[in-house]
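In: Structural data only, the sequence is not supplied:
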């Protein structure tokens with residue numbers, strides 16, 4: 001019984017709320033259509049010209065965004081001190097960076113190389129000079145030791161020449177040429193620098209060798225008078241060529257001239273000329 005009463009009350013309340021909602025809902029009013037004058041036909045709307053649009057104003061150039069400003073970081077005093085200490089350990093030379101220790105080592109090595117090079121050159125020069133001194137002291141030296149006139153001015157003139165090796169080693173492949181000339185005392189004609197070559201072989205140290213050179217012809221009485229009076233003089237000159245014990249070629253030149261003749265022309269002495277004597 002009790003349940004039936006409760007159900008009847010719930011149904012009554014539900015029907016009451018539904019009827020109240022229908023009474024409060026207002027009626028729907030439709031709007032009236034606009035008059036025909038306000039909406040012209042589509043043909044007239046198509047014939048009406050559209051108003052011209054004003055030109056758009058020029059747009060300013062758009063600035064490109066630049067890189068963001070760098071962030072300023074607070075410097076660490078410790079890192080700054082380390083960077084300064086590291087930079088003090090380097091030296092810039094021609095755009096290249098070198099460590100001070102490496103630069104000092106390179107400079108020391110270069111100085112050592114230059115010193116060694118100078119020492120090597122000095123030693124080489126000293127050795128060369130010592131070798132040349134030894135060669136000069138031990139090599140062969142050929143010199144003319146005596147020149148004599150054999151015969152008489154009126155006969156067939158002959159000239160005797162003696163030379164010796166004054167060095168300490170032998171002279172090899174000795175050869176000579178010599179010339180006899182009758183020249184005016186004031187003549188400026190050049191002397192010959194070559195003649196008929198005669199080979200004599202080898203000559204040991206301290207040894208002497210001689211030969212006789214015949215005159216070109218017999219002198220006339222007028223030439224003999226010029227020789228005795230000093231207007232003309234006889235020149236006997238030539239050269240020796242030889243090779244020393246070290247394989248070097250040498251040359252000794254000699255020139256002798258008449259310096260004294262007695263009236264009869266029986267005694268003739270030869271002396272050394274002021275020019276023409278040379279030895280290497």
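Out: That came through fine. Just so you know, these numbers come straight off a predicted model, no measurement behind them.
In: Can you pull out the low-pLDDT segments for the protein?
Out: Scanning the chain for pLDDT under 70 picks out the ranges 1-5, 8, 12, 14-54, 56, 59-90, 94-98, 260-268.
In: Tell me where it has helices.
Out: Along the chain, counting by DSSP state H, helices occupy 2-24, 42-47, 77-88, 100-138, 221-229.
In: OK, contacts around residue 237?
Out: Residue 237 makes contacts with 178, 179, 181, 191, 253, 254, 255, 256, 273, 276, as judged by Cβ atoms under 8 Å, 6 or more residues apart in numbering. For every residue, glycine as well, the C-beta is placed using N, CA and C.
In: That one pairs with what?
Out: Under the criterion DSSP bridges, residue 237 forms beta bridges with residue 179, residue 255.
In: And it, how far from residue 162?
Out: 15 Å (Cβ to Cβ, to the nearest Å).
In: And the spatially closest residue to residue 204 that is not a sequence neighbour, how far from residue 206?
Out: In this structure, residue 204 finds its nearest non-sequential neighbour in residue 170, 4.9 Å apart by Cβ to Cβ, 6 or more residues apart in numbering. According to Cβ to Cβ, residue 170 stands 10 Å off from residue 206.
In: Next: residue 179.
Out: For residue 179, the distance to residue 206 - Cβ to Cβ - is 28 Å.
In: Of these two, which one has the most company?
Out: residue 179 (18 against 10; other Cβ atoms under 10 Å).
In: who's in contact with that one?
Out: Contacts of residue 179 (Cβ under 8 Å, 6+ apart): 192, 195, 235, 236, 237, 238.
In: make it 10 Å
Out: 191-196, 213, 216, 235-239, 255 (Cβ atoms under 10 Å, 6 or more residues apart in numbering).
In: Just the buried subset of those, written out for ChimeraX, thanks.
Out: Restricted to buried positions by 16 or more other Cβ atoms under 10 Å, the ChimeraX selection for the contacts of residue 179 reads:
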select :213,235,236,237,238,239,255
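In: quick check, nearest of the contacts of residue 179 to residue 280?
Out: residue 239 (10.9 Å; Cβ to Cβ).
In: Show me what residue 175 is bridged to.
Out: residue 199, residue 241.
In: Surely it and residue 200 touch.
Out: Yes. With contact taken as Cβ atoms under 10 Å, residue 175 and residue 200 are classed as touching, separated by 6.7 Å.
In: Return every residue with contacts to both of the two.
Out: Joint contacts of residue 175 and residue 200 (Cβ under 10 Å, 6+ apart) are 240, 242.
In: dump the residue contacts of residue 235.
Out: 179-183, 187, 191, 255-258, 270, 273, 276.
In: Quick check on those residues: which are buried?
Out: Buried among those (16+ other Cβ under 10 Å): 179, 180, 181, 182, 255, 256, 257, 258, 270, 273, 276.
In: what's the closest non-adjacent residue to the last one?
Out: Yep, that's residue 276 we're talking about. residue 255 (3.0 Å).
In: From residue 157, how far off is that neighbour?
Out: 17 Å.
In: Likewise for residue 173?
Out: Counting by Cβ to Cβ, the gap from residue 173 to residue 157 is 30 Å.
In: out of these two, which sits in the more crowded spot?
Out: residue 157 (21 against 13).
In: ok, and the closest non-adjacent residue to that one?
Out: residue 215 (3.6 Å).
In: contacting residues for that neighbour?
Out: Per Cβ under 10 Å, 6+ apart, neighbours of residue 215: 149-151, 153, 155-159, 180-182, 234, 236.
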